[in-house]
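Visitor: what's the 3D shape of this:
(one chain, ligands or ions: 2)
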Amino acid sequence: MKKQTAMNRDWIATARTLSEALPYLQRYEGAIVVVKFGGNAMGDDEAMSTFARDCVLMRQVGVNPVIVHGGGPMINEMLEKLDVKSEFVRGKRVTDAATMQVVEMVLSGQVNKRIVQALNEQGGKGVGLSGKDANMIICTQTDPELGLVGTPDEIDTTILHSMFRSDIIPVIAPIGMGRNGETFNINGDTAAGAIAAALKADRLLLLTDVAGVKNKEGEVVTAISAQQIRDMTEDGTIAGGMIPKTETALAAIEGGVRAVVILDGRAPNAVLLELFTEHGAGSMIRAD
Ligand SMILES: Nc1ncnc2c1ncn2[C@@H]1O[C@H](COP(=O)(O)OP(=O)(O)O)[C@@H](O)[C@H]1O
Ligand SMILES: CC(=O)N[C@@H](CCC(=O)OP(=O)(O)O)C(=O)O
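Guide: Residues are numbered from 1 along each chain as shown. Ligands and ions are numbered 1, 2, ... in the order given. I've put the predicted structure just below:
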């Protein structure tokens, strides 16, 4: 009898959560939400299924999710197997022609298809693309020191809009084309930010493996201004892989994205919690 009461309490709490989601569901109907799913945020198959389920649910309630993925750790693993050395400069992989081949194979062939499959197993319609498809991302070289690393210069979102109309969830590998036929490796955060800005997205969610942007004391800053980001980068509090993330956040806001959230993608249902409950997670960056 006692057990049943506890169960009832659980159901009541679940019903309350659903009911409290109404204003959020209304706010996000028709919204475009770009989700960057970083390689470090991708967990085991169960975590992948949970993430996919959240994205399919988003689509089901009228949100237009766009997934832009990373896969840095998976690229590292393959490069190691092939005995190709790799190094990062300011959070970006120095990419020569041989490395580029491996990057494209792992991102487009392996990681992209894993996410597409997970979405489709949850009843969604995931379609995999890279920035090369339908001329979506045209790049210029970021810096000769980094080799074939590209900075998105022109984004064509036509294909994405036609996917939204067909209930398709686009899953995009961060690879772009140069104007002279080159293939460029784009940092996943940079690609997600550029796509979010081109779509004037309502939200850009950067899923990673930390709870948010941490200050000197190691505490997550829940709301962070552009100026705070610049100061924290200057004094080294923001370092490594967090640099492209915060740079992306600033560029995305400037490009017309309403808000960017950096959050822990390994936390179960992180995306749903952020969008549809009052328990938003991570660090939110808005225009100053
Ligand atoms: N101020 C900071 N706050 C949080 N994380 C930081 C900070 N500075 C550096 N980092 C590092 O950035 C990492 C996230 O970047 P990265 O590993 O590239 O993630 P992803 O693979 O998800 O893109 C964190 O795991 C952390 O080690
Ligand atoms: C230029 C550059 O650094 N490209 C990245 C692309 C993948 C990526 O960004 O993956 P994560 O999001 O998992 O870090 C790379 O080669 O690792």
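
Visitor: when you work out contacts or count neighbours from here on, use the C-alpha atoms and nothing else.
Guide: Fine.

Visitor: just want the residue of the stretch 51-200 of the chain that's nearest ligand 1.
Guide: Nearest residue of the stretch 51-200 of the chain to ligand 1 (Cα to the nearest ligand atom) works out as Gly72 at 6.2 Å.

Visitor: that residue and Gly39 touch, don't they?
Guide: Yes: counting by Cα atoms under 8 Å, Gly72 does reach Gly39; the two are 5.6 Å apart.

Visitor: what ranges do the helices span in the stretch 1-150 of the chain?
Guide: Counting by DSSP state H, counting those that start in this stretch, the stretch 1-150 of the chain has helices at residues 2-20, 22-28, 45-60, 72-81, 97-104, 112-121.

Visitor: which of those helices sits closest to Val261?
Guide: Distance to Val261, taken as Cα to Cα, is lowest for helix 22-28 among those, at 15.3 Å.

Visitor: what's the local residue count around His161?
Guide: Look at His161: counted by other Cα atoms under 10 Å, it has 14 neighbours.

Visitor: ditto for Pro73
Guide: Neighbours of Pro73 under the rule other Cα under 10 Å: 13.

Visitor: thought it was touching Met42?
Guide: No: counting by Cα under 8 Å, Pro73 sits too far from Met42 to count as a contact (9.9 Å).

Visitor: any chance of a markdown table for the helices of the stretch 1-150 of the chain, columns mean pLDDT?
Guide: Putting the helices of the stretch 1-150 of the chain into a markdown table (pLDDT from 0 to 100) gives the following:
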| stretch | mean pLDDT |
| --- | --- |
| helix 2-20 | 78 |
| helix 22-28 | 89 |
| helix 45-60 | 95 |
| helix 72-81 | 97 |
| helix 97-104 | 97 |
| helix 112-121 | 98 |
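
Visitor: can you list those helices in JSON lines and add distance to His279?
Guide: Converted to JSON lines, these look like this (distance: least, Cα to Cα, whole Å):
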{"stretch": "helix 2-20", "distance to His279": "11"}
{"stretch": "helix 22-28", "distance to His279": "12"}
{"stretch": "helix 45-60", "distance to His279": "16"}
{"stretch": "helix 72-81", "distance to His279": "29"}
{"stretch": "helix 97-104", "distance to His279": "36"}
{"stretch": "helix 112-121", "distance to His279": "25"}
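
Visitor: need the ones you listed in CSV with distance to ligand 2, can you?
Guide: Output for the helices of the stretch 1-150 of the chain, formatted as CSV (distance: least, Cα to the nearest ligand atom, whole Å):
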stretch, distance to ligand 2
helix 2-20, 31
helix 22-28, 25
helix 45-60, 14
helix 72-81, 4
helix 97-104, 6
helix 112-121, 11
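
Visitor: compare those helices and give me the one nearest Ser225.
Guide: Set against Ser225 and scored by Cα to Cα, the helices of the stretch 1-150 of the chain come closest in helix 22-28, at 23.4 Å.

Visitor: just name whatever secondary elements that closest one is in contact with.
Guide: helix 270-276 (3 or more Cα pairs under 8 Å, 6 or more residues apart in numbering; DSSP states H and E).

Visitor: what helices or strands is the helix it packs on leaning on?
Guide: Secondary-structure packing of helix 270-276 (3+ Cα pairs under 8 Å, 6+ apart): helix 22-28, helix 45-60.

Visitor: quick one, which of these is packed in tightest?
Guide: Among the helices and strands packed on helix 270-276, helix 45-60 has the highest mean neighbour count (mean count of other Cα atoms under 10 Å), at a mean of 20.

Visitor: please name every helix or strand in contact with it.
Guide: For helix 45-60, the contact count by 3+ Cα pairs under 8 Å, 6+ apart identifies strand 64-69, helix 112-121, helix 270-276 as packing neighbours.

Visitor: got the contact list for the closest residue to Pro65 other than its chain neighbours?
Guide: Sequence neighbours aside, Val33 is the residue nearest to Pro65 in space, at 4.9 Å (criterion: Cα to Cα, 6 or more residues apart in numbering). Residues counted as contacts of Val33 (Cα atoms under 8 Å, 6 or more residues apart in numbering) are Val63, Asn64, Pro65, Val66, Ala196, Ala201, Asp202, Arg203, Leu204, Leu205.
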